[in-house]
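1. Pasted the sequence and its predicted model underneath.
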Amino acid sequence: MATAFLLSCVLLPVAGAIGMYWVPERIHKIYMSLVAGFTFFTTLGLYFLVENGEVVSYQGAWGSPLGLRLEAESFGLLFAALSSFVWFAVTIFSTSYMDMETGKQRFYFFFLLTLAGTLGVTLSADMLTLLLFFELVSLAAYPLVVHKKTEPAYDAGKLYLNMAVAGGLALVLGMALVYTDRGTLNLWGEVAVNGGSGLLTYLGVALMVIGFGVKAGMVPLHIWLPKAHPVAPTPASALLSGIMIKTGIFGIIRVINMAFAPDMEALYWGELETIGLIITFLGVATMLLGVFMALLQENMKKMLACHSVSQIGYILMGIGAAAYLGPLGSVGLGGAIYHTINHALFKGALFLVAGAVYFHTRELNLYRLGGLWKVMPFTAFIGLIASFGIAGVPLFNGYISKTILHHAIVEAAEYKNVNLLFTAERIFMLTGAGTACSFIKFYYLLFLKRSKRSYEKIKETRPMKVGMVFLGAAILLFGLGPNLVLERFIEPALDIFVLEHHHIEDHLLTLNFFNVKDLGIVAIALVGGFVIFFLGMRTGAFHLHLPSWMGGEYLGQKVGRAYQGLWNFASRGYYEGRDELTEMTDRIGSRGGIVLKSLDKRGGGWANFANLDFDLLLLIFLLLFFLAEYLLVA
């Protein structure tokens, strides 16, 4: 029964995708809502089974490491439940939104395949299974990016696919190195216990972090995100940003835990500290660059995409702080998981708000809109909730997770009094002010500013309102009940990690979020956001355009050319070596034939095995046997 729940989480969306081509078009909307709803409730049922102590796993027909291995545990299931919930809300929204699009059957087919891949990633028990589902996500999402079949869509899709393939190759090579060194790809810490030289594992982990970092939008691998989001239909954008990039975050956490944190005596805390510092500063750079790019955007979907980069930086910083602190890193990892949930909720809601506006106005430029609160009051209300969430306003979800992350970076800085980590904390504060400014600007230009345009009576459709209200209600729930969320969801998810349990209870679960110090810190960020907004609007700074050499596309072109040059160099060497080897084997074959012919006792004709002496055949067989035995033992 439990295994059926586990398999259904992945197979239901696959069956639903295939069924899209069989059910009548007139019931597509009901059908899609039912498939997404059943998938969510199945995942939720599995979550409660595991919470009650049920052990649920599935082993494919082939043996490890080639077999498909799924396992339901609290950390992966939290991601699975989050993914299926947001997918359900976006699916309901899409049943109205996709009326303006063509090719709905094709869109929903890949929409559900992407859901199946995402859930497969979160339920994988080893790296090979995770890789298979991760690549399914990458490939199934490509048709969603290019759905509109316009030139910008194809350009964005080409960049996305190139980055996804490069990331996939990095993952495969990294996995091969780790498996060569340690002999396992199990996700439950066996890699670190199995020993090995270490060097191959470090290189393999670095490659896997790069591979997952591409999907997560980590700087400097983020360049596909701002191009893909504006061209994709809004339901796809909401899921690309809210959920799909979290598969990259999920993979990074899995890889680090797999390779370096097997048990309390282990063994790799020193190495983990160094890796934690690197990831922390990658996160800080990602959050700062993302918010800076967002402030200069006019296209609201592109602005939200840039903020996805920035918010991923917050999560990476939490992961880095947790790795740096080792078994005392519960605050960092708990904050990263909490912010992953929160970002999926408020970024999904913000994209749906942007989609509703575009559906009724056919406009994405923020500066050409305004005054929409009068004609779209429900959308304006959800937009306000989501903006408060991402800006970190108290009583909304973003405030809770950002407060936890702030505690984590301060703890990391004070652990060994590292000045660079104190600098990271200041950048955290600056990024918070930039985020607040960006969403003051977003909400003002969209809903409050006087518009020169006059809008006809807009009727906000019921499916759109239902989809948005699901996410808006979750934002409030995760902001008003932080201690309940920590105890019911975050603490169980931390059980699979090597953390001091008393540290979780004494530091994470007992946090007081509404004290004067933490409220004062967020007040500084919000006031700073208003100041930046006022100055930016008065001076026109928000209309500045970066020189091309500072843009992500320029960087992507340079990296692409370097990669192409490296590939050409490597392939030229390969082909030259292959030609030399072919010529050498031809010579050996020719001379070997002459030798064999001289051994032919029957004469008359070219040598073959039938003409060889039995003694010589026996000698060849024994040599091959001992060679095979030596290779297998070695």
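-> Good, I have the coordinates. Numbers count the residues shown, from 1 in each chain.

2. give me the element the spatially closest residue to Ser310 that is not a sequence neighbour is part of.
-> Distances taken as Cβ to Cβ, 6 or more residues apart in numbering put Gly290 closest to Ser310, at 2.9 Å, once the chain neighbours are dropped. C-beta coordinates here come from the backbone N, C-alpha and C atoms, glycine included. In the assignment (DSSP states H and E), Gly290 maps to helix 269-295.

3. If we go by neighbour counts, what in that helix is buried?
-> Residues of helix 269-295 classed as buried under the neighbour-count rule (16 or more other Cβ atoms under 10 Å) are 269, 271-273, 275-277, 279-295.

4. Downstream of the lowest-mean-pLDDT helix or strand in the chain, the next helix or strand is which one?
-> Of all regular secondary-structure elements in the chain, judged by mean pLDDT, DSSP states H and E, the least confident is helix 190-193 with a mean of 48. Note on helix 190-193: by DSSP H and E, the next helix or strand toward the C-terminus is helix 199-216.

5. and the next element down the chain from that following helix?
-> Reading on from helix 199-216 to the C-terminus, the next helix or strand found by DSSP H and E is helix 225-231.

6. what about that following helix, average pLDDT?
-> Averaged across helix 225-231, the pLDDT comes to 83.

7. One more: stretch 114-124?
-> If you average the pLDDT over stretch 114-124, you get 93.

8. Show me the contact partners of that stretch.
-> Counting contacts by Cβ atoms under 8 Å, 6 or more residues apart in numbering, the residues outside stretch 114-124 that touch it are 6, 9-14, 17, 36, 39, 43, 69-72, 76-77, 79-80, 83-84, 87, 129-130, 132-137, 140-141, 144, 187, 239, 243-244, 247, 250-251.

9. do the same with stretch 291-301
-> Surrounding stretch 291-301, the residues in contact under the criterion Cβ under 8 Å, 6+ apart are 226, 229-230, 234, 237, 303-304, 306-307, 309-310, 351, 354, 357-358, 364-367, 431, 434-435, 437-438, 441-442, 446, 532, 536, 542-546, 552.

10. Buried subset of those as a PyMOL selection?
-> In PyMOL, a selection of the buried entries from those looks like this (16+ other Cβ under 10 Å):
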select buried, resi 226+229+230+234+237+303+304+306+307+309+310+351+354+357+358+364+366+431+434+435+437+438+441+442+446+532+536+542+552
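
11. Restricted to strands, list the contacts of stretch 291-301.
-> Among the contacts of stretch 291-301, the subset assigned to strands under DSSP state E is empty.

12. Run through the stretch 251-400 of the chain and note the low-pLDDT ranges.
-> Flagging of the stretch 251-400 of the chain using pLDDT under 70 yields the residue ranges 259-270.

13. For it, which segments count as helices?
-> With DSSP state H, counting those that start in this stretch, the ranges of helices along the stretch 251-400 of the chain come out as 269-295, 300-325, 330-361, 377-391, 397-415.

14. The stretch 401-550 of the chain now?
-> In the stretch 401-550 of the chain, the segments counted as helices under DSSP H, counting those that start in this stretch are 419-443, 462-480, 482-485, 491-494, 501-503, 516-539.

15. Including mean pLDDT, could these go into TSV?
-> Converted to TSV, the helices of the stretch 401-550 of the chain look like this (pLDDT from 0 to 100):
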stretch	mean pLDDT
helix 419-443	94
helix 462-480	95
helix 482-485	92
helix 491-494	89
helix 501-503	82
helix 516-539	93
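
16. how about those, which one is nearest Arg587?
-> Evaluated with Cβ to Cβ, the helices of the stretch 401-550 of the chain place helix 419-443 nearest to Arg587, the distance being 60.3 Å.

17. The closest one vs helix 300-325, what angle?
-> On the basis of axes from the mean of the first three to the mean of the last three Cα atoms, to 10 degrees, helix 419-443 is oriented at 160 degrees to helix 300-325.

18. Next, the distance between the ends of stretch 411-426.
-> 14 Å (Cα to Cα, to the nearest Å).

19. whoops, I mixed them up, stretch 45-58
-> Using Cα to Cα, the end-to-end distance of stretch 45-58 comes to 17 Å.

20. What residues of it count as buried?
-> Within stretch 45-58, the residues scored as buried using 16+ other Cβ under 10 Å are Leu46, Tyr47, Leu49, Val50, Val56, Tyr58.

21. contact partners of that stretch?
-> The contact list for stretch 45-58, computed with Cβ under 8 Å, 6+ apart, reads 2-3, 5-7, 9, 68-74, 77-78, 80-81, 125, 492.

22. Show the pLDDT at the closest residue to Arg368 other than its chain neighbours.
-> Of all residues not flanking Arg368 in the chain, Arg453 sits nearest, at 7.4 Å (Cβ to Cβ, 6+ apart). According to the prediction, Arg453 has pLDDT 76.

23. how much space between Arg453 and Lys374?
-> For Arg453, the distance to Lys374 equals 12 Å [Cβ to Cβ, to the nearest Å].

24. same thing with Ala412?
-> Here Ala412 is placed at a distance of 47 Å from Lys374 (Cβ to Cβ).

25. burial count for Arg538?
-> Arg538 sits with 8 neighbouring residues when counted by other Cβ atoms under 10 Å.

26. could you pull out the helices for the stretch 1-150 of the chain?
-> Assigned by DSSP H, counting those that start in this stretch, the stretch 1-150 of the chain shows helices spanning 2-19, 28-51, 74-97, 104-122, 127-145.

27. CA atoms of the shortest one as PDB?
-> Output for helix 2-19, consisting of C-alpha atoms alone and laid out as PDB, is shown next (Å, rounded to 0.1, in the frame of the first residue of the first chain):
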ATOM      1  CA  ALA A   2       2.700   2.500   1.000                       C
ATOM      2  CA  THR A   3       4.900   1.600  -2.000                       C
ATOM      3  CA  ALA A   4       1.800   2.200  -4.200                       C
ATOM      4  CA  PHE A   5       1.600   5.700  -2.800                       C
ATOM      5  CA  LEU A   6       5.300   6.200  -3.500                       C
ATOM      6  CA  LEU A   7       5.100   5.100  -7.100                       C
ATOM      7  CA  SER A   8       1.800   6.900  -7.700                       C
ATOM      8  CA  CYS A   9       3.500  10.200  -6.900                       C
ATOM      9  CA  VAL A  10       5.600   9.800 -10.000                       C
ATOM     10  CA  LEU A  11       3.300   7.700 -12.200                       C
ATOM     11  CA  LEU A  12       0.100   9.800 -11.800                       C
ATOM     12  CA  PRO A  13       1.500  12.800 -13.600                       C
ATOM     13  CA  VAL A  14       3.000  10.600 -16.300                       C
ATOM     14  CA  ALA A  15      -0.300   8.800 -16.900                       C
ATOM     15  CA  GLY A  16      -2.000  12.200 -16.800                       C
ATOM     16  CA  ALA A  17       0.300  13.500 -19.500                       C
ATOM     17  CA  ILE A  18      -0.400  10.600 -21.800                       C
ATOM     18  CA  GLY A  19      -4.100  10.800 -21.100                       C
END
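
28. Fine by me, we can end here.
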